[in-house]
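Undergrad: sequence? don't have it. structure:
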Ligand code: NAP
(Lines give C-alpha, C1' and ligand atoms only; values in the text may rest on other atoms or scores of the structure.)
Protein backbone atom coordinates (compact mmCIF):
# COMPACT_ATOMS: atom_id res chain seq x y z
CA UNK A 1 0.00 0.00 0.00
CA UNK A 2 1.39 3.46 -0.91
CA UNK A 3 2.50 5.76 1.91
CA UNK A 4 0.18 8.45 0.56
CA UNK A 5 -2.97 6.51 1.43
CA UNK A 6 -4.94 8.31 4.14
CA UNK A 7 -6.39 5.61 6.38
CA UNK A 8 -9.43 6.03 8.62
CA UNK A 9 -10.37 3.34 11.16
CA UNK A 10 -14.09 2.57 11.16
CA UNK A 11 -15.24 1.01 14.44
CA UNK A 12 -18.88 0.08 14.29
CA UNK A 13 -21.35 -1.93 16.27
CA UNK A 14 -23.39 -4.52 14.37
CA UNK A 15 -26.89 -3.11 14.42
CA UNK A 16 -28.73 -2.52 11.15
CA UNK A 17 -28.59 1.28 11.31
CA UNK A 18 -24.82 1.20 12.03
CA UNK A 19 -24.11 -1.16 9.10
CA UNK A 20 -26.12 1.06 6.75
CA UNK A 21 -24.27 4.13 8.06
CA UNK A 22 -20.89 2.42 7.64
CA UNK A 23 -21.56 1.75 3.95
CA UNK A 24 -22.58 5.38 3.38
CA UNK A 25 -19.49 6.61 5.25
CA UNK A 26 -17.07 4.39 3.28
CA UNK A 27 -18.50 5.71 -0.01
CA UNK A 28 -18.27 9.31 1.16
CA UNK A 29 -14.65 8.92 2.38
CA UNK A 30 -13.67 7.42 -0.96
CA UNK A 31 -14.87 10.54 -2.81
CA UNK A 32 -12.11 12.47 -1.03
CA UNK A 33 -9.40 9.82 -1.46
CA UNK A 34 -9.71 8.59 2.14
CA UNK A 35 -9.65 4.86 2.80
CA UNK A 36 -11.91 3.50 5.53
CA UNK A 37 -10.68 0.28 7.16
CA UNK A 38 -12.43 -2.04 9.59
CA UNK A 39 -9.13 -3.71 10.60
CA UNK A 40 -7.86 -1.30 13.24
CA UNK A 41 -4.65 0.29 11.90
CA UNK A 42 -2.28 2.14 14.27
CA UNK A 43 -1.12 4.38 11.40
CA UNK A 44 -4.61 5.69 10.63
CA UNK A 45 -5.23 9.43 11.01
CA UNK A 46 -8.72 9.19 12.54
CA UNK A 47 -11.00 6.74 14.37
CA UNK A 48 -14.66 6.97 13.42
CA UNK A 49 -16.94 5.16 15.83
CA UNK A 50 -20.49 4.27 14.72
CA UNK A 51 -23.00 3.48 17.48
CA UNK A 52 -24.07 5.05 20.77
CA UNK A 53 -22.07 6.17 23.81
CA UNK A 54 -21.46 2.54 24.82
CA UNK A 55 -19.88 1.83 21.41
CA UNK A 56 -17.67 4.91 21.86
CA UNK A 57 -16.52 3.78 25.32
CA UNK A 58 -15.83 0.22 24.10
CA UNK A 59 -13.91 1.49 21.02
CA UNK A 60 -11.53 3.39 23.30
CA UNK A 61 -11.08 0.53 25.80
CA UNK A 62 -10.61 -2.19 23.15
CA UNK A 63 -7.99 -0.16 21.30
CA UNK A 64 -6.14 0.67 24.53
CA UNK A 65 -6.69 4.42 24.70
CA UNK A 66 -5.07 5.38 21.38
CA UNK A 67 -3.83 8.91 20.65
CA UNK A 68 -5.47 8.84 17.19
CA UNK A 69 -8.47 11.21 17.59
CA UNK A 70 -12.02 9.90 17.64
CA UNK A 71 -15.24 11.18 16.18
CA UNK A 72 -18.60 9.48 16.68
CA UNK A 73 -21.56 8.94 14.37
CA UNK A 74 -24.61 8.37 16.49
CA UNK A 75 -26.84 5.41 15.68
CA UNK A 76 -27.70 4.74 19.34
CA UNK A 77 -29.85 6.86 21.58
CA UNK A 78 -28.91 10.51 21.92
CA UNK A 79 -25.17 9.80 22.13
CA UNK A 80 -23.32 12.24 24.32
CA UNK A 81 -19.95 11.50 22.74
CA UNK A 82 -21.35 10.93 19.25
CA UNK A 83 -21.50 14.33 17.59
CA UNK A 84 -22.40 13.42 13.99
CA UNK A 85 -25.92 12.40 12.90
CA UNK A 86 -26.05 9.75 10.11
CA UNK A 87 -27.90 12.27 7.87
CA UNK A 88 -24.94 14.67 8.07
CA UNK A 89 -22.21 12.30 6.90
CA UNK A 90 -21.38 14.07 3.63
CA UNK A 91 -21.16 17.45 5.37
CA UNK A 92 -19.00 15.91 8.13
CA UNK A 93 -16.50 14.36 5.66
CA UNK A 94 -16.26 17.64 3.74
CA UNK A 95 -15.60 19.59 6.93
CA UNK A 96 -13.07 17.01 8.10
CA UNK A 97 -11.14 17.29 4.82
CA UNK A 98 -11.22 21.11 5.12
CA UNK A 99 -9.98 20.80 8.75
CA UNK A 100 -12.98 22.71 10.13
CA UNK A 101 -12.77 21.24 13.62
CA UNK A 102 -11.10 21.58 17.02
CA UNK A 103 -9.48 18.75 18.91
CA UNK A 104 -10.83 18.22 22.41
CA UNK A 105 -8.79 16.45 25.07
CA UNK A 106 -10.77 13.91 27.08
CA UNK A 107 -9.55 13.61 30.68
CA UNK A 108 -9.26 10.02 31.90
CA UNK A 109 -9.22 8.49 35.36
CA UNK A 110 -6.71 5.91 36.64
CA UNK A 111 -7.37 3.58 39.55
CA UNK A 112 -4.69 1.47 41.16
CA UNK A 113 -6.34 -1.42 42.95
CA UNK A 114 -3.99 -3.04 45.47
CA UNK A 115 -4.77 -6.40 47.01
CA UNK A 116 -2.67 -8.14 49.67
CA UNK A 117 -0.67 -9.74 46.81
CA UNK A 118 -0.60 -7.40 43.81
CA UNK A 119 -1.66 -4.05 42.31
CA UNK A 120 -3.75 -3.66 39.14
CA UNK A 121 -4.33 -0.50 37.09
CA UNK A 122 -7.66 0.42 35.49
CA UNK A 123 -8.33 3.43 33.27
CA UNK A 124 -11.80 4.93 32.80
CA UNK A 125 -13.37 7.45 30.45
CA UNK A 126 -16.62 8.05 32.37
CA UNK A 127 -16.15 6.73 35.89
CA UNK A 128 -15.05 4.08 38.32
CA UNK A 129 -17.74 2.90 40.72
CA UNK A 130 -16.84 1.15 43.97
CA UNK A 131 -19.85 -0.76 45.24
CA UNK A 132 -20.84 -3.90 47.10
CA UNK A 133 -21.22 -7.32 45.52
CA UNK A 134 -24.72 -8.83 45.64
CA UNK A 135 -26.25 -5.41 46.46
CA UNK A 136 -24.61 -5.43 49.94
CA UNK A 137 -23.90 -2.24 51.91
CA UNK A 138 -20.15 -1.54 52.04
CA UNK A 139 -17.98 0.33 54.52
CA UNK A 140 -15.14 2.42 53.14
CA UNK A 141 -12.62 4.81 54.66
CA UNK A 142 -11.74 7.62 52.27
CA UNK A 143 -8.75 9.96 52.15
CA UNK A 144 -7.92 12.87 49.84
CA UNK A 145 -4.15 13.35 49.49
CA UNK A 146 -3.67 11.44 52.77
CA UNK A 147 -6.23 13.61 54.63
CA UNK A 148 -8.95 11.53 56.19
CA UNK A 149 -12.26 12.61 54.61
CA UNK A 150 -14.94 10.20 55.68
CA UNK A 151 -16.09 6.80 56.84
CA UNK A 152 -18.58 5.87 54.17
CA UNK A 153 -21.36 3.37 54.53
CA UNK A 154 -23.92 2.80 51.81
CA UNK A 155 -24.26 1.39 48.30
CA UNK A 156 -20.94 2.80 47.09
CA UNK A 157 -19.19 5.77 45.54
CA UNK A 158 -18.74 6.99 41.98
CA UNK A 159 -15.52 8.71 41.00
CA UNK A 160 -16.24 10.42 37.70
CA UNK A 161 -14.34 12.40 35.09
CA UNK A 162 -15.77 15.61 33.59
CA UNK A 163 -16.86 13.62 30.50
CA UNK A 164 -18.54 11.06 32.74
CA UNK A 165 -20.28 13.71 34.83
CA UNK A 166 -23.36 13.54 32.55
CA UNK A 167 -23.60 9.73 32.89
CA UNK A 168 -24.07 7.64 36.08
CA UNK A 169 -22.80 10.57 38.17
CA UNK A 170 -25.63 12.81 36.99
CA UNK A 171 -28.33 10.16 37.59
CA UNK A 172 -26.98 9.85 41.13
CA UNK A 173 -27.30 13.56 41.97
CA UNK A 174 -23.79 14.66 40.93
CA UNK A 175 -23.10 17.88 39.05
CA UNK A 176 -22.43 18.35 35.37
CA UNK A 177 -18.83 19.47 34.82
CA UNK A 178 -17.62 21.13 31.62
CA UNK A 179 -15.13 18.77 29.90
CA UNK A 180 -12.14 21.14 29.90
CA UNK A 181 -12.16 21.53 33.72
CA UNK A 182 -9.40 19.36 35.19
CA UNK A 183 -11.14 17.77 38.14
CA UNK A 184 -12.71 14.62 39.50
CA UNK A 185 -16.05 14.20 41.24
CA UNK A 186 -16.84 11.92 44.19
CA UNK A 187 -20.53 11.06 44.34
CA UNK A 188 -22.08 8.91 47.06
CA UNK A 189 -24.59 6.18 46.23
CA UNK A 190 -27.26 6.10 48.93
CA UNK A 191 -25.00 7.03 51.87
CA UNK A 192 -26.15 5.92 55.31
CA UNK A 193 -25.74 8.62 57.92
CA UNK A 194 -25.40 7.41 61.49
CA UNK A 195 -23.19 7.98 64.54
CA UNK A 196 -20.81 5.31 63.26
CA UNK A 197 -20.60 6.42 59.64
CA UNK A 198 -20.65 10.09 58.70
CA UNK A 199 -20.21 10.89 55.05
CA UNK A 200 -20.98 13.74 52.67
CA UNK A 201 -24.58 13.48 51.47
CA UNK A 202 -23.78 15.22 48.17
CA UNK A 203 -20.98 15.05 45.65
CA UNK A 204 -17.63 16.80 46.01
CA UNK A 205 -15.57 18.13 43.09
CA UNK A 206 -11.83 18.10 43.69
CA UNK A 207 -8.77 19.17 41.65
CA UNK A 208 -7.67 16.41 39.29
CA UNK A 209 -4.13 16.22 40.69
CA UNK A 210 -5.24 15.11 44.16
CA UNK A 211 -5.19 11.41 45.01
CA UNK A 212 -8.35 9.80 46.31
CA UNK A 213 -7.68 6.74 48.43
CA UNK A 214 -10.45 4.30 49.30
CA UNK A 215 -9.83 1.54 51.84
CA UNK A 216 -12.49 -1.08 52.42
CA UNK A 217 -12.98 -1.68 56.13
CA UNK A 218 -11.89 -5.01 57.57
CA UNK A 219 -14.57 -7.67 56.66
CA UNK A 220 -15.45 -5.76 53.44
CA UNK A 221 -12.17 -6.41 51.59
CA UNK A 222 -13.79 -9.29 49.64
CA UNK A 223 -17.19 -7.66 49.14
CA UNK A 224 -16.13 -4.97 46.69
CA UNK A 225 -17.16 -4.70 43.07
CA UNK A 226 -15.31 -2.23 40.85
CA UNK A 227 -17.18 -1.02 37.79
CA UNK A 228 -15.08 0.68 35.12
CA UNK A 229 -17.27 2.42 32.48
CA UNK A 230 -19.92 -0.26 32.98
CA UNK A 231 -17.48 -3.23 33.06
CA UNK A 232 -17.32 -5.20 36.32
CA UNK A 233 -14.09 -6.29 38.03
CA UNK A 234 -13.66 -8.33 41.23
CA UNK A 235 -10.51 -8.74 43.28
CA UNK A 236 -9.84 -10.69 46.47
CA UNK A 237 -8.39 -9.03 49.58
CA UNK A 238 -8.50 -5.39 48.45
CA UNK A 239 -6.35 -3.20 50.69
CA UNK A 240 -6.50 0.13 48.87
CA UNK A 241 -7.92 1.74 45.74
CA UNK A 242 -6.08 4.94 44.70
CA UNK A 243 -7.68 7.12 42.07
CA UNK A 244 -6.31 10.11 40.20
CA UNK A 245 -6.54 11.90 36.88
CA UNK A 246 -4.61 9.85 34.32
CA UNK A 247 -1.52 11.08 32.49
CA UNK A 248 -3.01 9.40 29.40
CA UNK A 249 -5.49 11.37 27.26
CA UNK A 250 -7.78 10.55 24.39
CA UNK A 251 -8.83 13.05 21.76
CA UNK A 252 -12.11 13.84 20.05
CA UNK A 253 -12.92 16.10 17.11
CA UNK A 254 -15.41 18.89 17.75
CA UNK A 255 -17.12 20.41 14.74
CA UNK A 256 -19.08 23.05 16.63
CA UNK A 257 -18.12 24.97 19.75
CA UNK A 258 -21.80 24.91 20.73
CA UNK A 259 -22.32 21.14 20.44
CA UNK A 260 -21.76 20.53 24.18
CA UNK A 261 -24.59 22.90 25.15
CA UNK A 262 -26.89 21.67 22.37
CA UNK A 263 -26.32 18.09 23.48
CA UNK A 264 -26.89 18.93 27.13
CA UNK A 265 -30.12 20.74 26.40
CA UNK A 266 -31.42 18.03 24.05
CA UNK A 267 -30.63 15.23 26.46
CA UNK A 268 -31.62 16.64 29.82
CA UNK A 269 -33.98 19.60 29.41
P1 LIG B 1 -25.75 1.17 28.88
O2 LIG B 1 -26.35 0.63 30.12
O3 LIG B 1 -26.12 0.57 27.58
O4 LIG B 1 -25.99 2.76 28.75
C5 LIG B 1 -26.13 3.57 29.81
C6 LIG B 1 -26.59 4.97 29.41
O7 LIG B 1 -25.51 5.84 29.77
C8 LIG B 1 -26.92 5.22 27.93
O9 LIG B 1 -28.19 5.78 27.92
C10 LIG B 1 -25.87 6.25 27.48
O11 LIG B 1 -26.43 7.36 26.78
C12 LIG B 1 -25.45 6.88 28.78
N13 LIG B 1 -24.10 7.42 28.76
C14 LIG B 1 -22.90 6.79 28.66
N15 LIG B 1 -21.90 7.66 28.75
C16 LIG B 1 -22.48 8.89 28.89
C17 LIG B 1 -21.96 10.21 29.06
N18 LIG B 1 -20.65 10.43 29.15
N19 LIG B 1 -22.84 11.22 29.20
C20 LIG B 1 -24.17 11.01 29.16
N21 LIG B 1 -24.72 9.80 29.02
C22 LIG B 1 -23.89 8.75 28.89
O23 LIG B 1 -24.19 1.08 29.09
P24 LIG B 1 -23.06 1.57 28.16
O25 LIG B 1 -23.68 2.16 26.93
O26 LIG B 1 -22.05 0.49 28.04
O27 LIG B 1 -22.46 2.78 29.05
C28 LIG B 1 -21.77 2.54 30.26
C29 LIG B 1 -22.12 3.72 31.14
O30 LIG B 1 -23.43 3.55 31.64
C31 LIG B 1 -21.30 3.83 32.39
O32 LIG B 1 -20.07 4.46 32.15
C33 LIG B 1 -22.22 4.64 33.29
O34 LIG B 1 -21.92 6.01 33.26
C35 LIG B 1 -23.59 4.44 32.70
N36 LIG B 1 -24.50 3.93 33.72
C37 LIG B 1 -25.49 4.75 34.13
C38 LIG B 1 -26.34 4.36 35.13
C39 LIG B 1 -27.40 5.31 35.58
O40 LIG B 1 -27.49 6.40 35.00
N41 LIG B 1 -28.19 4.97 36.58
C42 LIG B 1 -26.19 3.11 35.74
C43 LIG B 1 -25.17 2.29 35.31
C44 LIG B 1 -24.31 2.71 34.28
P45 LIG B 1 -27.02 7.41 25.34
O46 LIG B 1 -28.45 7.03 25.50
O47 LIG B 1 -26.84 8.82 24.96
O48 LIG B 1 -26.23 6.45 24.51
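TA: Right, received. Where do you want to start? If you're wondering where the values come from, they're calculated on a predicted model, not measured in any experiment.
Undergrad: Stretch 146-158 and the ligand in contact?
TA: No. Applying C-beta under 6 Å from any ligand atom, one finds stretch 146-158 out of contact with the ligand, separated by at least 8.2 Å. In short, each C-beta sits where N, CA and C put it, glycine included.
Undergrad: So what's the model's average confidence on that stretch?
TA: On average, the pLDDT along stretch 146-158 is 96.
Undergrad: try stretch 261-269
TA: 89.
Undergrad: Give the buried residues for it.
TA: For stretch 261-269, the neighbour count (16 or more other C-beta atoms under 10 Å) marks residue 263 as buried.
Undergrad: ditto for stretch 214-222
TA: So for stretch 214-222, counting by 16+ other C-beta under 10 Å, buried means 214, 215, 216, 220, 221.
Undergrad: for the fourth one, what are its contacts?
TA: For residue 220, the contact set (C-beta atoms under 8 Å, 6 or more residues apart in numbering) comprises 132, 138, 139, 140.
Undergrad: Which ones, among the buried residues of stretch 214-222, also lie beside the ligand?
TA: Among the buried residues of stretch 214-222, no residue lies close to the ligand (C-beta under 6 Å from any ligand atom).
Undergrad: Between those residues, which sits nearest residue 251?
TA: Of all the buried residues of stretch 214-222, residue 251 sits closest to residue 214, with 29.2 Å by C-beta to C-beta.
Undergrad: so what's that closest one bridging to?
TA: In this entry, residue 214 is beta-bridged to residue 142, residue 241, by DSSP bridges.
Undergrad: The residue of the stretch 51-200 of the chain found nearest the ligand: which element?
TA: The ligand sits closest to residue 54 of the stretch 51-200 of the chain, with a gap of 2.3 Å, by C-beta to the nearest ligand atom. Under the criterion of DSSP states H and E, residue 54 resides in helix 53-62.
Undergrad: cool, residue 94 as well?
TA: Per DSSP H and E: helix 89-97 holds residue 94.
Undergrad: can you list contacts of that helix?
TA: The contact list for helix 89-97 (C-beta under 8 Å, 6+ apart) reads 21, 24-25, 28-29, 31-32, 34, 46, 71, 73, 84, 101, 253, 255.
Undergrad: closest to the ligand among these?
TA: Distances from the ligand to the contacts of helix 89-97, taken by C-beta to the nearest ligand atom, are shortest for residue 73, at 12.7 Å.
Undergrad: Name the SS class of the closest one, please.
TA: For residue 73, the secondary structure call by DSSP: H, G, I helix; E, B strand; the rest coil comes out as strand.
Undergrad: That one touches residue 87, doesn't it?
TA: No. In this structure, residue 73 is not within contact of residue 87 by C-beta atoms under 8 Å, at 10.2 Å.
Undergrad: Looking at those two, which has the bigger crowd around it?
TA: residue 73 (28 against 9; other C-beta atoms under 10 Å).
Undergrad: Which residue is the nearest non-sequential neighbour of residue 46?
TA: residue 8 (4.9 Å; C-beta to C-beta, 6 or more residues apart in numbering).
Undergrad: partner residues bridging that neighbour?
TA: In beta-bridge terms (that is, DSSP bridges), residue 8 pairs with residue 36, residue 46.
Undergrad: all strands for the stretch 1-150 of the chain, in order.
TA: With strands called from DSSP state E, counting those that start in this stretch, the stretch 1-150 of the chain shows them at 6-12, 34-37, 46-51, 70-74, 102-115, 119-124, 127-132, 138-144, 147-160.
Undergrad: Pull out the buried residues from the shortest one.
TA: Buried residues in strand 34-37, counted by 16+ other C-beta under 10 Å: 34, 36.
Undergrad: Name the surrounding residues that touch it.
TA: In contact with strand 34-37 (C-beta under 8 Å, 6+ apart) are residues 5-10, 22, 25-26, 29-30, 44, 48, 93, 97.
Undergrad: Quick check, pLDDT for the closest residue in space to residue 32 that isn't next to it in sequence.
TA: Leaving out its chain neighbours, the residue that sits closest to residue 32 by C-beta to C-beta, 6+ apart is residue 97, at 4.9 Å. Looking at residue 97, its pLDDT is 98.
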